[in-house]
Every structure is written in structure tokens, then in C-alpha cells.
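Novice: Generate a structure from the sequence data that follows.
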Amino acid sequence: MKNKFMLFLVLIAMGLFVVGCNGQAEEIAGTVNGEQITQENLNQHYNLIKINYEMQTGSKLDEEKDKDIADKIMDQAWEDMVLQKIIWQEAKRQGIEIDNKEVDTDLKQFKDMSNQEDANGYKDFLEKSGLTEANLVQELKTEKLYWKLQDKVASSVKVSEAEVKKYYDDNLDAFKQPEGMEISHILVTTEKEAKDILVKLKEGKDFAELARQYSTCPSKEHGGELGIVNQDANYVPEFKEAALKLKPGEITPEPVKSEFGYHIIKAGAQKQAQVTPFAEVKSPITLQLEQQKKSEVFNKHLEELHKKAEIKDNRTK
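Specialist: Now for the predicted structure:
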């Protein structure tokens, strides 16, 4: 969800209204091929970038003391808004549309993420950014529009097996697997929960299924698998010590307590250091290289549209 949030901050598209809620004409910051960017919309986008800046730096931006930074953020907001107009215009030309139903899941995820630490987090975000939920829906639609447009513009992009193999050969260090033990675990909050799960395991229940059902660790999605664990692995001492004492196939007889909760640890096979065979990583490398090529093709396409666009900047410098 973090990557989605970052992209959302970059790919913002505001509404095209020229009259405010109070009936007064809004100030126009500029136009792109005749379509207006209102000052209100520009300020909203500025606020979003400013919020992101403050999240990244951990400090509040003082717009008077840090005027140079504030000016740079405003310039970035302007460039983003211009690009967003170009994206929407090109999507319309290409016959690409997004309806509200397509972003319902994304909107719910954004709300849930915003409310994780504070029940009013989503509401506070809208107030701080000056957005309405309708604005937010439009922004999420822009993100989907961006990817759909890229897929269409770069639909002919292909990566040859020779290119994939060359990438593999040039980056062998990235595919090295260290020596160690394959380790899985189930993490729960209380010792009682852990002991109850141990009873289920002794009764013959499947470890991976129990991990998916009970574990609070993200590894639950993979049946509790953590990969290779060795002396160099970055795990808390209690967990690592218990894991490395196990023999292949063994499970810790008692829950292992750490700062994260109670672990039930299972050892898989002992693995020797090796390089992952090309056949096993061919597919993900292909997808990675194709996405890189698509991005390059699409960015070039957007650059050409930007060069051809009639852009008027009415902002006061």
C-alpha cells in the first residue's frame, strides 16, 4: 500500500470546475491545450506534495522561513498538474475511461490505511489537504488511467530471451542464495494461542494452513515461510537462536517469546550456498524488464505530448 500511496501523490488529477461552490469565478492558474487549471486545484495539489514532504522529513514546513522549498513544491505542483491534464486529454483521445466502481477497492484501502493509527485519520487528511472525497476518487481514477494508457501506448513492447539472459548473467550476485536453513513460523500474541496451535500440530494439522489461519506476521500469506535463516540473518536473537538449533523437519516444542509475540518455528531443508537457476527467475526478470521498457516508451510519449502542448502559465512569479 505504501507504493500505491506514493504514486497517488504524484499522479493527482483535480476537477475541471471554473466556478466555485459560492458561485464566484475561480482564479485560473493556467491552461493546457485550452483546459483550465484553477488556482484552487493547484493549491490542493501543492498541499498534497507538502504533506508528503513533511512525512518524508519528519518536520513541518514553515512556508515563510523555508520559502525556497515552498516555491519548489509549488513549481512541482504546477508541472504535475500540467502532466495530469495531458494524461487525461490523451486518454480521452485514445478512448480510455475509468468509472467510479473501478476505484471502490482502492478508496476503501486508502481509508483503512489513513485510519490505522487514528480513527479520524481519513477525515483529517481530507481537511489538511483541502480535498473532498469526490476529488480523491478523481485522483484514484487518474492513477488507473495512467496505467491503462501506458499499457495501450506500450502494448507492442516485448523483451527477448537473450535480453533476459544477459540481465541474469550481468547480475548474478542478485541471484545468489546463502547457506542456511529454510525456516517458517507462526506468530501469535499470547502464549496460550501458541500452545493451542502446538496441540493442533501434534494432532497432525498442516503447519502452513495454521500459519495462514492464525499468524499475525505478513509471512502468513506464504504459509509462514521466511526463506533462508543463518547466523547473518537479521532476526531478533531469541528467534534466530531457536531457529538455528532445529534440525530439518523439527518444530520448536515450546513457544519462543520475542518482542513481537510468541513464535512457533519450523525448520525445512538445510540449503547450501548456490545461485538460483536461470529457469526459476526467467519469468520475474522478463516482467521487470518489460515494465522498464514500457515506462521508457510511455515517458517518451508523454514528453512528446508535452512539447506539442499549448501551455499557458498565469501564475505570478
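
Novice: going forward, measure contacts and count neighbours with C-alpha atoms only.
Specialist: Fine.

Novice: where along this structure do the strands fall?
Specialist: 28-32, 35-38, 176-177, 180-188, 225-229, 256-258, 261-271, 274-275, 311-313 (DSSP state E).

Novice: which outside residues touch the longest one?
Specialist: Residues lying outside strand 261-271 but in contact with it, judged by C-alpha atoms under 8 Å, 6 or more residues apart in numbering, are 178-191, 194, 198, 228, 239, 242-243, 246-252, 254-257.

Novice: One more: the fifth one?
Specialist: The contact list for strand 225-229 (C-alpha under 8 Å, 6+ apart) reads 178-185, 219, 240, 243-244, 271.

Novice: make it 6 Å
Specialist: Gly180, Met181, Glu182, Ile183, Ser184, Ser219 (C-alpha atoms under 6 Å, 6 or more residues apart in numbering).

Novice: what's the burial count for Lys128?
Specialist: Per other C-alpha atoms under 10 Å, the neighbour tally for Lys128 reads 13.

Novice: From Ala267, how far out is it?
Specialist: Note on Lys128: its distance to Ala267, by C-alpha to C-alpha, to the nearest Å, is 49 Å.

Novice: same question, Asp196
Specialist: Taking C-alpha to C-alpha, one finds Asp196 at 20 Å from Ala267.

Novice: who's more crowded, these two?
Specialist: Shown here are Asp196 and Ala267; by other C-alpha under 10 Å, Ala267 has more neighbours (23 against 10).

Novice: which residues does that one bridge with?
Specialist: Ile183 (DSSP bridges).

Novice: just the strands of the chain: most buried one?
Specialist: Ranked by mean neighbour count, these are led by strand 180-188 with a mean of 24 (mean count of other C-alpha atoms under 10 Å).

Novice: Specify the angle between it and strand 225-229 in degrees.
Specialist: Interaxial angle of strand 180-188 relative to strand 225-229 (axes from the mean of the first three to the mean of the last three C-alpha atoms, to 10 degrees): 140 degrees.

Novice: Strand 180-188 - contacts with which helices or strands?
Specialist: strand 225-229, strand 261-271 (3 or more C-alpha pairs under 6 Å, 6 or more residues apart in numbering; DSSP states H and E).

Novice: Could you export the shortest one as CSV, CA atoms only?
Specialist: Once side chains and other backbone atoms are set aside, the C-alpha atoms of strand 225-229 remain, and they are given as CSV (Å, rounded to 0.1, in the frame of the first residue of the first chain):
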residue,chain,number,x,y,z
GLU,A,225,7.7,-19.2,5.1
LEU,A,226,10.6,-16.8,5.9
GLY,A,227,13.2,-18.2,3.5
ILE,A,228,16.8,-19.0,4.4
VAL,A,229,17.9,-18.2,8.0
